[in-house]
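K.L.:
For reference, the sequence and a predicted model appear below.
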Amino acid sequence: MKKVKNKNSSIAAYWNKPNHAAYLFLLPSFLVLLVFTVVPLIGTFGLSFTNMNIFFTAKDFVGLENFQRIFQDERAVNAVLHTLYFTLLETPAQIIVGLLFAVLLSKDNRFNKFCRSTFYIPVICSLTSIAIIFSMLLDPNIGAIPYLFSQAGLPIPQFFRDPTLAMPTVAFMTVWKNFGVTMTILLTAIQGISPSLYESAAMDGATTRQQFFNITLPQIVPSLGFCILTNLIGSMQVFDQVYVATGGGPQFKTETAVQYIYSRGFTAPYELGYASALSSVLFVIIAILAVTANLYMSHKEKQMK
């Protein structure tokens, strides 16, 4: 009996330690991550070596055939290039717009608080519904924006129908929808900077511009790095807005990697194995970009200290 009590007390003592008890609180999140992220990821890698279809009627092992096919598939290569193009448009624009509004609205007054809430509203809206609204607003036949162009005597842009304008328009729509998140994160970082730093700089005669580049920017590098990393990953996985607004057109100029993966795996001829190989390649590309961005921002953070 004493041995059982001693054993129970030792177990209780072990889990009563803060660094040990933390694992218990992390366990539910770890299980969710394992079931919904790690297991599907391993399954995707496994399927990429087969010719599996969505009905699981074909199960032949094909080795690296699917991966070799990717580099011979012009549409797949273009989809990846279009995704990178979208990322180069959307990520810097969202960081710049979010940072600009964070700086402008950093002071706590009623007007700024109202603006913060207003700019955050698109974030809580469905991306699908926003894509539908933009499609209507920019439609050359019924859209309000083309109507204003016509009233001003200007040529009506074919926003979603012009191969050149389609992707920048999708990027603009995405920035409009999501910059509230970036703004909020950077705003919190800016408000956490000690006011004494600005007071000392002002006493030394530093201008507002000098204060921004020498105080604000260095102090928010960690938050800035987080925003860049998350926006980069999100941009490389763009799907909803493209699928709803353009369907990948015109002339496949807005078809992204995720959309092409969806079209290969879940529309005829339902090539789930090939779609899995595409997903694996996209995962590797995102991982390389994310690790590179993280290392760069970590290096910058150390330089600022």
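P.N.:
That came in fine, so what should we check first?

K.L.:
show me where the stretch 151-300 of the chain has helices.
P.N.:
With helices called from DSSP state H, counting those that start in this stretch, the stretch 151-300 of the chain shows them at 166-191, 195-203, 208-211, 217-219, 221-236, 240-245, 257-266, 272-304.

K.L.:
In space, what's closest to the spatially most central residue of the chain - neighbours in sequence excluded?
P.N.:
Centroid-nearest residue in the chain: G234, 1.7 Å away (criterion: C-alpha atoms, centre = their mean). If the residues on either side of it in the chain are set aside, G234 comes closest to N178, at 7.7 Å by C-beta to C-beta, 6 or more residues apart in numbering. The way it works is simple: take the backbone N, C-alpha and C, and place the C-beta from them, glycine included.

K.L.:
what's the burial count for F36?
P.N.:
10 (other C-beta atoms under 10 Å).

K.L.:
that's a helix at it, yeah?
P.N.:
Yes - under DSSP: H, G, I helix; E, B strand; the rest coil, F36 falls within a helix.

K.L.:
Distance to L33 and mean pLDDT added to the helices of the stretch 151-300 of the chain, as TSV?
P.N.:
Converted to TSV, the helices of the stretch 151-300 of the chain look like this (distance: least, C-beta to C-beta, whole Å; pLDDT from 0 to 100):
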stretch	distance to L33	mean pLDDT
helix 166-191	21	95
helix 195-203	39	90
helix 208-211	41	91
helix 217-219	32	90
helix 221-236	16	94
helix 240-245	23	93
helix 257-266	21	94
helix 272-304	15	90
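
K.L.:
mind giving me the domain split of this structure?
P.N.:
Using the TED database, the domain ranges for the chain come out as 8-21+23-48, 66-304.

K.L.:
do you know which of those domains lies nearest T57?
P.N.:
domain 66-304 (9.6 Å; C-beta to C-beta).

K.L.:
Skipping its backbone neighbours, what lies nearest Q211 in space?
P.N.:
Nearest non-adjacent residue to Q211, counting by C-beta to C-beta, 6+ apart: A201, 5.1 Å away.

K.L.:
residues in contact with the one you found?
P.N.:
A201 makes contacts with Q210, Q211, N214, I215, as judged by C-beta atoms under 8 Å, 6 or more residues apart in numbering.

K.L.:
Please report how far the last one lies from F226.
P.N.:
Using C-beta to C-beta, to the nearest Å, one gets 19 Å for the distance from I215 to F226.

K.L.:
Show the pLDDT at A58.
P.N.:
At A58, the model reports a pLDDT of 75.

K.L.:
thinking again about what came up before, need the domains of the chain in TSV with distance to T57, can you?
P.N.:
Supplementary listing: those in TSV, determined by distance: least, C-beta to C-beta, whole Å:
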stretch	distance to T57
domain 8-21+23-48	14
domain 66-304	10
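
K.L.:
Quick check: which of these has the most neighbours on average?
P.N.:
Of all the domains of the chain, domain 66-304 has the most neighbours on average by mean count of other C-beta atoms under 10 Å, namely a mean of 17.

K.L.:
how far does that domain sit from the chain's center?
P.N.:
Averaged C-alpha coordinates place domain 66-304 at 7 Å from its chain's average position (C-alpha atoms, centre = their mean, to the nearest Å).
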